[in-house]
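Novice: I would like to see how this sequence folds:
(chains A, B, C and D)
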Amino acid sequence: MAGKLDNPSLFEFLLRMGDNTLILGHRVSEWCGHAPVLEEDIALANTALDLIGQTQMWLGLAGEVEGKGRSADDLAFLRDAWDFRNALMLELPNGDFGQTLMRQFLFDAWQVVMLGRLMQSTDARVAAIAAKASKEAAYHVERSGHTVVGLGDGTEESHRRMQEALDYLYPYVGELFVSDAIDTAVAEAGIAPKLETLREEYDALVGRVLSAATLSIPGGSYVHQGGRDGRMHTEHLGHLLSSMQWLQRAYPGCEW
Amino acid sequence: MAGKLDNPSLFEFLLRMGDNTLILGHRVSEWCGHAPVLEEDIALANTALDLIGQTQMWLGLAGEVEGKGRSADDLAFLRDAWDFRNALMLELPNGDFGQTLMRQFLFDAWQVVMLGRLMQSTDARVAAIAAKASKEAAYHVERSGHTVVGLGDGTEESHRRMQEALDYLYPYVGELFVSDAIDTAVAEAGIAPKLETLREEYDALVGRVLSAATLSIPGGSYVHQGGRDGRMHTEHLGHLLSSMQWLQRAYPGCEW
Amino acid sequence: MSDEEREFQDKVDNDIKIEPRDWMPEDYRRTLIRQIGQHAHSEVVGQLPEGNWITRAPTLERKAILLAKVQDEAGHGLYLYSAAETLGVSRDEMIELLHEGKMKYSSIFNYPTLNWADIGAVGWLVDGAAIVNQVALQRTSYGPYARAMVRICKEESFHARQGYDAFMKMAQGSKEQRRMAQDALNRMWFPCLMMFGPSDAESVHGEQSMAWKIKVKSNDELRQQYVDQTIPQIDYLGLDRPDPGIEWNEECEHYDFSMPDWKEFFDVIKGNGPCNRDRMRDRVAAWEDGQWVRDGLLAHARKRAAQKVAAE
Amino acid sequence: MSDEEREFQDKVDNDIKIEPRDWMPEDYRRTLIRQIGQHAHSEVVGQLPEGNWITRAPTLERKAILLAKVQDEAGHGLYLYSAAETLGVSRDEMIELLHEGKMKYSSIFNYPTLNWADIGAVGWLVDGAAIVNQVALQRTSYGPYARAMVRICKEESFHARQGYDAFMKMAQGSKEQRRMAQDALNRMWFPCLMMFGPSDAESVHGEQSMAWKIKVKSNDELRQQYVDQTIPQIDYLGLDRPDPGIEWNEECEHYDFSMPDWKEFFDVIKGNGPCNRDRMRDRVAAWEDGQWVRDGLLAHARKRAAQKVAAE
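Specialist: Now for the predicted structure:
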């Protein structure tokens, strides 16, 4: 089954998974020491840590599949913006704590559905990573969902801020459900689900939480795209990379 | 006269001059498109432009004096934080517009006094750069001083913000007047004035403007140091460099 | 048609400039305010995509060139606001309308600058497209606008040349630089074609504006002119053409080319471009954060004026 | 001395832990609150210099290790606030006192992290110094504090080993990495020596704290112990010693070393350290920006509780 797929497509798919966690992990790590309460500092560091761990697995496998001897670190620290394949939502600046948690929830919900399916992948390596990551994702979505509910159904101000965050972020969600040729090829090889098929479960989960949070999904059907295929990232990614990759760029070829 | 001085000391002196203008020019350029009024967008871009022009001259000469074939660009884009020799004040984040203009004024006033003396340098190359730069500095100090007066003696809020900016920045001013062995050597060779001798003229100029601005110089004698000798920069410089040097670090050896 | 209207149209037809104190139709005035204001806003918002790379300019010289360019653009904004003000609207009013989403700026600035070659492309392709528009507008019927265009065109041509020069360095540079150049060209091409507006068939304000010589050439004419001048430049750089539909048409002696995706164009205008939110958030924040500065300077100026009066 | 005081001191002298419900002198309580609170604040503020490099960690593994470390530190902050709360002060009260400048945190965090080797140095040298203090404090007389120390020491020792490992990579790496390591060592050395406080002769709280076993060893004893254990590690890395005054003293079987500049120490404590302003600005901003979050979560919890009561 998986044999029918050419390696470049699998490589691209793995980048999409790994860049999602890499970039979101980075954004979350920017919070270090600046959370509203100590318990959240711990939770955010923990989330970032899990995401970086998942990145090591996805990009590690990507490098293997590519077969050019690139390590997970090479892929993380030595590609420029156009070669990144994360969904746009994940590279947006953190905004306030509410926006950070709203994004986390919108992504965690996707991860938990996606990883659940990937555990059935015809590629055993993909299935194994998914199995490990899905435990973390289940914990993340519970926590971020809980916080979204608490803040959505909190004070007037916290409700307003969470609704604004949702309005801002929701047009970026659709990108996670649009299959292009790569996604289709990977789905046909049984390696991953067709992204469109995740939507129902996702909408149910997200709908449940947002409703408990007394928040409304904004109207409008426009979907921002361009991250997962690298066609057009936002201006924010380049700045993120200039921090993230600084040492590897300034002192190439060192061991750290 | 200048012959008595070893090149490394002259090199260090030139870095101190050039890094001041490089780093401040960079900070000012961060304002692009974000000033309170269009006229200030123009003025800030113009200031940054002049400072970058001065940087080209100072660091160009520094590279020449060093004699290792490093260009002004090499010095600007390929040194790490510890090799920078700018005064700490200039690498601090911009803060609000008031803080940016207050710093500009506190530096412009020093520049105008310093460059006036450097026009008498025994080193003709230094004197020539100073002559060119001092015209710009005279314009800058007039403009920034004018703005400091306008905002200091404006509304209650603008007064408060300017006083806060002054309180924050003033402990960094002293660094510009403390000679170390390098400064002393350069002064003894007649290349530059002894920094301590600038203080009287500086205090008179700054005192005049701050008094018109109805602002008070804060008490306390503590002086933040460590930038001009590179002993201890702030954490902000590294982040500034990760932006500024990104392309040269990521794509070494290219022509742009 | 009233006598006033007839007299006005006669002047326009005979290429006599309309000046601020002259009588003019209300719609002419409104259309001009919209058009000049939008142009002014574009200069201001246009600082942002370039500002995005000022802090990462790769050499001191490139940084200086870029700073000088954005300084010029802010200056263009000033001339244009002044030209619009001669029509009886203040700069602050126009800025407020922009921030409320009731006035527009050029949609091209809702596209991101993603690599350094984009900065060259903004000078070469974007300013290049602007110039095609603006050269035509030097003959526009409203005097202050026409004169602003003359001044602006000179500086813009300089920017376009500098942009092409910077872009050429990339196109003829390392493999990665060449890739940046091609990427920039591919991304910018269609948005630049959009700068001329929808096809004449669908253009809303076209006909009346032409009659009033607020507009001097049609959208499609200008677009064709731009394509014809730009393709040889692309070829000269040795880059791939950004549109497989581009081909020299012997018959009409123009390049054939594909139209941009007009759905995308209208999406961006409606606020769904890649950077609309960021651009407006930045501008509104700059304006709001700067309120205390404007208030402070104004209060000081008033104190000064009062002291002067008291001293007299 | 009252009976209560005598009984209390007897327990202390016999190494019987004082527990929250036991009687204790007001000064003992106050001193403990100050000391435990300061320690808790240090864990929280201590996230900032490390956070400064989390976004620039050079490999995924280093980033993960650093994230795990700051997570632990925030956890230590939690234990310690809890321990202090057993003395009748709330976490929020202590945070408020910190933000008003009425409580301190360890001065070491007022020094910047300027290169990547600093991150190794924070683990090795700073946590190393903290451990020397904390190992002694495992025997402190106040039960909750002593137990928190046991738990914290385990994790800190792990951090110190990881820090040394990261530092070794730098010391044994490229020329530039080695330079970073030496630079970090030189900058951090004296501030680390300051972590043990002024010389016993000048220490304000020393004697009474020793009698109460809030303090178990003197500042100078602890500092000497730290120097003695650290110099061989420096030598092993092949780095230059950061103080020319360091020399093995055969006679007393300890290293001689230079004292730090105590004027600098008191300057930093007074708020003039390189990062005091930044650290407090960051923490206060985090707290203030987070007010709506704490309020929102609290309001939600109350609604939930009310619903639960109503349902019963």
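
Novice: who's in contact with residue C:241?
Specialist: With contact set as C-beta atoms under 8 Å, 6 or more residues apart in numbering or on different chains, residue C:241 has these partners: C:231, C:234, C:235. In this view, the C-beta of every residue, glycine as well, is placed from N, C-alpha and C.

Novice: and of those, the nearest to residue B:77?
Specialist: Using C-beta to C-beta, residue C:234 is the member of the contacts of residue C:241 that sits closest to residue B:77, with 30.1 Å.

Novice: which residues sit against the lowest-mean-pLDDT helix or strand in chain C?
Specialist: Confidence across the helices and strands of chain C bottoms out at helix C:206-211, with a mean of 84, counting by mean pLDDT, DSSP states H and E. The set of residues external to helix C:206-211 that reach it, using C-beta under 8 Å, 6+ apart, is C:9, C:12, C:27, C:31, C:200, C:215, C:216, C:218, C:219.

Novice: look up how far residue B:47 lies from the third one.
Specialist: Noted for residue C:27: a distance of 43 Å to residue B:47, by C-beta to C-beta, to the nearest Å.

Novice: pLDDT check: weakest of the contacts of helix C:206-211?
Specialist: For the contacts of helix C:206-211, the weakest pLDDT value sits at residue C:200, with 82.

Novice: residue C:219 is in contact with that one, correct?
Specialist: Yes. If you go by C-beta atoms under 8 Å, residue C:200 and residue C:219 touch, sitting 5.5 Å apart.

Novice: more neighbours, the two?
Specialist: Ranked by neighbour count (other C-beta atoms under 10 Å in any protein chain shown), residue C:200 and residue C:219 place residue C:219 first, with 19 against 15.

Novice: residue contacts, the more buried one?
Specialist: Going by C-beta under 8 Å, 6+ apart, the list of residues near residue C:219 reads C:196, C:197, C:198, C:199, C:200, C:203, C:206.

Novice: any idea which element the first one lies in?
Specialist: Using DSSP states H and E, residue C:196 sits within no helix or strand.

Novice: hmm, it is touching residue C:224, no?
Specialist: No. Between residue C:196 and residue C:224 there is no contact under C-beta under 8 Å: 9.1 Å.

Novice: among these two, which residue is more densely surrounded?
Specialist: Here residue C:196 and residue C:224 are compared on neighbour count by other C-beta under 10 Å; more neighbours surround residue C:196, at 24 against 19.

Novice: show me the contacts for the residue of the stretch 151-300 of chain C found nearest chain B.
Specialist: For the stretch 151-300 of chain C, the residue positioned closest to chain B under C-beta to the nearest C-beta is residue C:290, at a distance of 2.3 Å. Residue C:290 makes contact with B:35, B:36, B:37, B:40, B:97, according to C-beta under 8 Å, 6+ apart.

Novice: so which residue of chain A comes closest to chain D?
Specialist: Nearest to chain D in chain A, going by C-beta to the nearest C-beta, is residue A:36, at a distance of 2.3 Å.

Novice: tell me which helix or strand that residue sits in.
Specialist: Secondary structure from DSSP H and E places residue A:36 outside every helix and strand.

Novice: quick check on it: phi, psi?
Specialist: The main-chain torsion angles of residue A:36 are listed as degrees, to the nearest 10 and equal phi -70, psi -20.

Novice: give me the low-pLDDT residue ranges for the chain?
Specialist: Since you didn't name a chain, this refers to chain A. Applying pLDDT under 70 to the predicted model, the residue ranges of chain A that meet it are A:1-4.

Novice: um, chain C though
Specialist: Low-confidence segments of chain C, defined by pLDDT under 70, span residues C:203-205.

Novice: can you tell me which helices and strands the strand or helix carrying residue C:281 packs against?
Specialist: In this structure, residue C:281 is located in helix C:276-289 according to DSSP H and E. Based on contacts counted as 3 or more C-beta pairs under 8 Å, 6 or more residues apart in numbering or on different chains; DSSP states H and E, the elements that helix C:276-289 packs against are helix C:26-45, helix C:47-54, helix C:91-99.

Novice: closest one to residue B:79 among the ones you listed?
Specialist: Ranking the helices and strands packed on helix C:276-289 by distance to residue B:79, with C-beta to C-beta as the measure, places helix C:47-54 first at 20.1 Å.

Novice: near chain A, anything from whatever helix or strand comes next after that closest one?
Specialist: Where DSSP H and E defines the elements, the next helix or strand beyond helix C:47-54 is helix C:60-85. No. Using C-beta under 8 Å from any C-beta of the partner chain, helix C:60-85 stays clear of chain A, coming no nearer than 15.5 Å.

Novice: near chain B at all, helix C:60-85?
Specialist: Yes. Applying C-beta under 8 Å from any C-beta, one finds that helix C:60-85 is in contact with chain B at C:60-64, C:67-68, C:70-71, C:74-75, C:77-78, C:81.

Novice: give the contact list for residue C:70.
Specialist: By C-beta under 8 Å, 6+ apart, the neighbours of residue C:70 are B:32, B:33, B:41, B:45, C:47, C:50, C:51, C:54.

Novice: so which of the helices and strands packed on helix C:276-289 is nearest chain B?
Specialist: When the helices and strands packed on helix C:276-289 are compared for distance to chain B using C-beta to the nearest C-beta, the nearest one is helix C:47-54, at 3.3 Å.
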